[in-house]
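# test case, fold it:
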Amino acid sequence: MAESVCIVAEYRDGAFRKVSYEIASEGRRIADTLGLKLYGIAIGSGVSDKVQELAKYGVEKVLVADDPAFEHYIAETYVPAVAEMLQQCDPAVVLLPASMNGKDLSARLAARLETGLAQDSTEISVEDGKIKAKRPLFGGKCLGWYEWADGALVMISCRPNVMSMLEPDESKQAEVVKVDVSVPEARSKVVSVDMDTSGKIELTEADIIVSGGRGMKGPENFAMLEELAGLLGAAVGASRAAVDAGWRPHSDQVGQTGKVVTPNLYIAVGISGAIQHLAGMGSSKYIVAVNKDPDAPIFSKADYGVVEDLFKFIPVFTEEVRRLKSSE
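Residues are numbered from 1 along each chain as shown. Down below sits the predicted model:
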């Protein structure tokens, strides 16, 4: 009989991503329901110094693979290493982040371990000892519940910013086991591009996102969205049209071919609301749309709509936010 629920944490740029704590919290809830232990896998370069961060969210034992070869995610090195470490955890359930790297890793692991994967799940339930996972289908037009055959390894990747985090317990300490895994020589290599990301909020982890589309009319006009985002503590996103036009980098793209986001507040500015874009942000808790076209599809999804020229509305709205912030 399996002994654990196991999470595969994502470590990047010297820190665990927020989604790692979300899946740890979800894993703790599942483990408590099933009467199992919660283990974690931490893989990366320099990760050893950070592993006790996972203990604060209920992880009891962490298997660590710390090697310069794991500085960047490369499937050829990560997949065999994680698969080897999972064998030592004897898991009934494996949770991974549905981040860009996590989706790739989870799909490859599922194939290697010959089990089913519920990718990009938004809810997990345990009924009579059976795990079920809910995930969006067909661009979010419907939702499907998935379950596994008796005795099968359950593998689920969780959409960032969806699973609620436990309050961190600073007193908790996890057992740390350093694992010497065989690291195959990768035929691929990472080509790094220096980018100034200081102070920039990751889109998939942001509580508030301000996104601009074709209606922004040019890259220079995104400065007004940057200003508003700065006041709100928000990330700045973009539609595919704005990215294709070269106004914003692809890392800012929200949509089916960009990033799927689930913030508490999504402000869509000058975005018509193509199906591709709606699939990437439709699960936001609250959506505010600003568009001068009253028939824009985005309004069918929005909780609040502003039919106005964005170049008139955004400066006024920004000043009102500034006034409210200064009075706090």
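
# low-confidence ranges, the stretch 151-300 of the chain, go.
The model of the stretch 151-300 of the chain has pLDDT under 70 over residues 191-199.

# all helices of it, in order?
Listed in chain order, the helices found in the stretch 151-300 of the chain under DSSP state H, counting those that start in this stretch are 222-232, 240-244, 275-281, 298-301.

# now the helices for the stretch 1-150 of the chain?
Counting by DSSP H, counting those that start in this stretch, the stretch 1-150 of the chain has these helices, from start to end: 18-34, 52-55, 75-87, 100-113.

# wait, which of the helices of the stretch 151-300 of the chain is closest to residue 10?
Closest to residue 10 of the helices of the stretch 151-300 of the chain is helix 275-281 (C-beta to C-beta; 19.8 Å). In short, each C-beta sits where N, CA and C put it, glycine included.

# now do the buried residues in the closest one.
Applying a neighbour-count criterion of 16 or more other C-beta atoms under 10 Å, one finds 276-281 buried in helix 275-281.

# can you check stretch 101-113 too?
101-103, 105-110.

# now those as TSV including distance to residue 179 and pLDDT?
Listed next are the buried residues of stretch 101-113 as TSV, based on distance: C-beta to C-beta, whole Å; pLDDT from 0 to 100:
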residue	distance to residue 179	pLDDT
101	20	93
102	20	95
103	24	95
105	17	97
106	20	97
107	23	97
108	19	97
109	16	97
110	21	96
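
# nearest to residue 205, of those residues?
Nearest to residue 205 among the buried residues of stretch 101-113, with distances taken as C-beta to C-beta, is residue 102, at 12.8 Å.

# what's near enough to touch that closest one?
By C-beta atoms under 8 Å, 6 or more residues apart in numbering, the contact set of residue 102 is 8, 10, 19, 96, 157.

# and the second one, how close does it get to residue 131?
The span separating residue 10 from residue 131 equals 21 Å under the rule C-beta to C-beta, to the nearest Å.

# so those two - more neighbours on which side?
Taking other C-beta atoms under 10 Å, residue 10 and residue 131 do not tie; residue 10 has more neighbours (24 against 21).

# residues in contact with that one?
Counting by C-beta under 8 Å, 6+ apart, residue 10 touches 16-17, 19-20, 97, 99, 101-102.

# neighbour-wise, which of the residues you listed leads?
residue 20 (29 neighbours).

# what's around the residue nearest to it when sequence neighbours are not counted, how many residues?
In space, and not counting its chain neighbours, residue 20 is closest to residue 9: 4.0 Å by C-beta to C-beta, 6 or more residues apart in numbering. For residue 9, the neighbour count with other C-beta under 10 Å is 28.

# could you do the one 3 residues further on as well?
Residue 12: 15 surrounding residues under other C-beta under 10 Å.

# ok, it - contacts?
Residue 12 touches 44, 73, 101, counting by C-beta under 8 Å, 6+ apart.

# distance of it relative to residue 30?
Separation of residue 12 from residue 30 (C-beta to C-beta) stands at 24 Å.

# again with residue 276
Taken as C-beta to C-beta, the span from residue 276 to residue 30 is 33 Å.

# residue 105 contacts residue 9, correct?
No: contact between residue 105 and residue 9 fails when scored by C-beta atoms under 8 Å: they sit 11.4 Å apart.

# still on that earlier bit, and the buried residues of helix 275-281, which is closest to residue 321?
residue 281 (20.7 Å).
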